[in-house]
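J.: Structure for this input, please:
(one chain, ligands or ions: 1)
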Amino acid sequence: TVFELKSIQNQLTDPLQYCLQLALQIQSTKVPQELQQQSVQQLPIAWIDGPGENLEATYMKHIFEVFRLLGYHVITGPQPLNVQWDVMWTHEFPFSNDLYRHQIHGASPDQLINHVPGSGFYTSKVALATANISIGVPQAFQLPYEKEKFIEFAKENPDYLWVQKDNNHRNIEIKLLTEIDFEKPESFVQRFVDNPLLIDNRKFDIGIYTVITSLRPLKVYILDEGLLRFCPEDYHPFDQKKVDKYVVGDDYTPIWEMFSLKSYYIGERLNFKNSLNAYLKAQGKSPEMIWNQIRKIIAEVFYQQQEKMLTVFESTTLGPRFFELSRFDFIVDDELNVYLMEANMSPNLSSGHFKENQILYEQVLMNIFSLIGVEKHIKKNEMNYLKSRGGLWNSFISDRDLSISIPECATEICSDCQNQEKCDLCTHCWSNDFLEILREITREHQFRRNMKTKEDELLQKWLMKKCEERIDWCPL
Ligand SMILES: Nc1ncnc2c1ncn2[C@@H]1O[C@H](COP(=O)(O)OP(=O)(O)OP(=O)(O)O)[C@@H](O)[C@H]1O
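T.: Numbers count the residues shown, from 1 in each chain. Next comes the predicted model:
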């Protein structure tokens, strides 16, 4: 995702302005010398950087905040060669960038970088669409090379609709054959999936966060959650001239504004994934079909691209360790077939547009940091700060981590919580004391290593439901 950075990058072509900006960045990171010495000596250092000004208040805000919550001293802007950073987090690909490449070459295996050489093989649209992925990618023809083949195929299948894409272009649109630019280099045409699964007559996509931590052996992790984004306009009556009907763009409609999902996301405090699951189950559909395909498609993408990535990776012979976060965007059709749209490098983690997404983004970061061993123990003051934000806004353990999907909870049966048998696990029926107990057990779950629990009746019931959702919760 490129979002508004284009305009900022353009400004950087003016050398005077660029120097001024560097000076400002250096100034803004200046802390009193005593404190700085103390911080650098005592705290691990995260070097966070990207194009544009005031990253800390704009699109990289949550990255700064989460590093600080985890006890890091954060530096930004250009750095001298000898700066002792522990983690480098750059928005842009750093390996050929003069601002970072020298520091990367001098780095050692106890330093970490948030990009992997060769990751372009799955984050570039063209590379992905033409990578012979056998499942979950709409049929595509590379242009200009497959022009004839495509024209013949399109004539044989006159009902198919097509979109043209390339690595830079955004704002896709359904094109008539006569409107396609067959000679456009580095582009492709892709069959338009014309039977999307609709919720309240809206098309939507599912963003899945993945982290690759090793290429050999291949190790890829998937966050057990999905960002749901809805088109801003109803799909039917369909009109291919109105892209808001079929393209999920920056001005998407969020889940909390969707009538049929509100009772789950707001009422029952379910997360995105469980809200969708609860809705689909209530429609007699099987959400697991979707999640199984998503897992398979992501695995296939990495298997397919592993060798090519390794060629680049091994030629770099760099010292530090790497990981890379991406967001894979999927759409679903009305038979629950899943299609991969793209994999975004440096996915948007800015809640500037939708404040409510802050917790999701913070949780994405905390999960990665925990996975790669960056997360140290959160200290008391930082934990108290997170708690003071309230149950839904505590990204360390949010109330959405406690909720479970019970079909009756969002219905009349449980509206007054009188039916204890059916409703005692509905989020809105829990006492504050019980909520506290669940927060505690969830925190313990995260740190339990090989310990397993034994508990009283209601907790046991809650745990069994959690275990149905995810096997790592299952009791001995
Ligand atoms: N082949 C297709 N069939 C159906 N819908 C599609 C297809 N390609 C794209 N779309 C719709 O358009 C949206 C944007 O497409 P895509 O992700 O390829 O482009 P983008 O402009 O780079 O998007 P992003 O904002 O996610 O970076 C998708 O989420 C999907 O809703």
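J.: wait, G106 sits on L81?
T.: Yes. If you go by CB atoms under 8 Å, G106 and L81 touch, sitting 6.5 Å apart. (C-beta placed from N, C-alpha, C; glycine too.)
J.: Against the ligand, how distant is V66?
T.: Per CB to the nearest ligand atom, to the nearest Å, V66 is found 23 Å from the ligand.
J.: Help me confirm that that residue is found in a helix?
T.: Yes. Under DSSP: H, G, I helix; E, B strand; the rest coil, V66 sits within a helix.
J.: dump the residue contacts of it.
T.: V66 makes contacts with E362, L365, M366, F369, S395, as judged by CB atoms under 8 Å, 6 or more residues apart in numbering.
J.: go with 7 Å
T.: E362, L365, M366 (CB atoms under 7 Å, 6 or more residues apart in numbering).
J.: next one: Q111
T.: Q111 makes contacts with W85, D86, P320, as judged by CB under 7 Å, 6+ apart.
J.: that's a strand at V312, yeah?
T.: No. Assignment of V312 by three-state DSSP gives helix, placing it outside any strand.
J.: Now do it, the pLDDT please.
T.: V312 is assigned a predicted lDDT (pLDDT) of 88.
J.: ok, which residues in the stretch 51-200 of the chain are in contact with the ligand?
T.: For the stretch 51-200 of the chain, the residues in contact with the ligand (CB under 6 Å from any ligand atom) are P138, V163, K165, R170, N171, I172, Q190, F192, V193.
J.: hmm, which of these are the buried ones?
T.: Buried subset of those (neighbour count, 16 or more other CB atoms under 10 Å): P138, V163, K165, I172, Q190, F192, V193.
J.: S326: which of those is nearest?
T.: Closest approach to S326 among those (CB to CB): K165, at 17.5 Å.
J.: Pretty sure the closest one sits against N171.
T.: No. With contacts defined as CB atoms under 7 Å, K165 does not count as touching N171, sitting 10.4 Å away.
J.: quick one on the thing from earlier: looking at the contacts of Q111, state which has the most neighbours.
T.: W85 (22 neighbours; other CB atoms under 10 Å).
J.: is it true that that one lies in a strand?
T.: No. Counting by three-state DSSP, W85 is not found in a strand; it is coil.
J.: List the residues that contact it.
T.: W85 neighbours (CB under 7 Å, 6+ apart): I45, W47, Q111.
J.: what do you get if the cut-off is 8 Å, keeping everything else the same?
T.: Contacts for W85 (CB under 8 Å, 6+ apart) come out as I45, A46, W47, I75, Q79, Q103, Q111.
J.: Would you agree the first one is in contact with D86?
T.: Yes. When contacts are counted by CB under 8 Å, I45 is listed as touching D86 (5.3 Å).
J.: what is in contact with these two at once?
T.: With CB under 8 Å, 6+ apart as the test, I45 and D86 both reach Y72.
J.: Who does the residue nearest to R202 when sequence neighbours are not counted form a beta bridge with?
T.: With CB to CB, 6 or more residues apart in numbering as the criterion, R202 has its nearest non-adjacent residue at 4.5 Å, and that residue is F230. Judged by DSSP bridges, the bridge partners of F230 are F204, T253.
J.: going forward can the numbers begin at 887, since that is how I track them
T.: Right, with 887 as the first residue, what we last looked at is F1116.
J.: so where's the stretch 987-1136 of the chain shaky on pLDDT?
T.: Residue ranges of the stretch 987-1136 of the chain with pLDDT under 70: 1055.
J.: Now name the helix or strand holding V1106.
T.: Using DSSP states H and E, V1106 falls within strand 1104-1108.
J.: just checking, which of the buried ones among the residues of the stretch 937-1086 of the chain next to the ligand belong to strands?
T.: Using DSSP state E, the members of these that fall within strands are V1049, K1051, Q1076.
J.: Can you tell me the closest non-neighbouring residue to the second one?
T.: Looking back up the chat, that one is K1051. Closest residue to K1051 in three dimensions, ignoring its sequence neighbours and counting by CB to CB, 6+ apart: K1011, at 5.5 Å.
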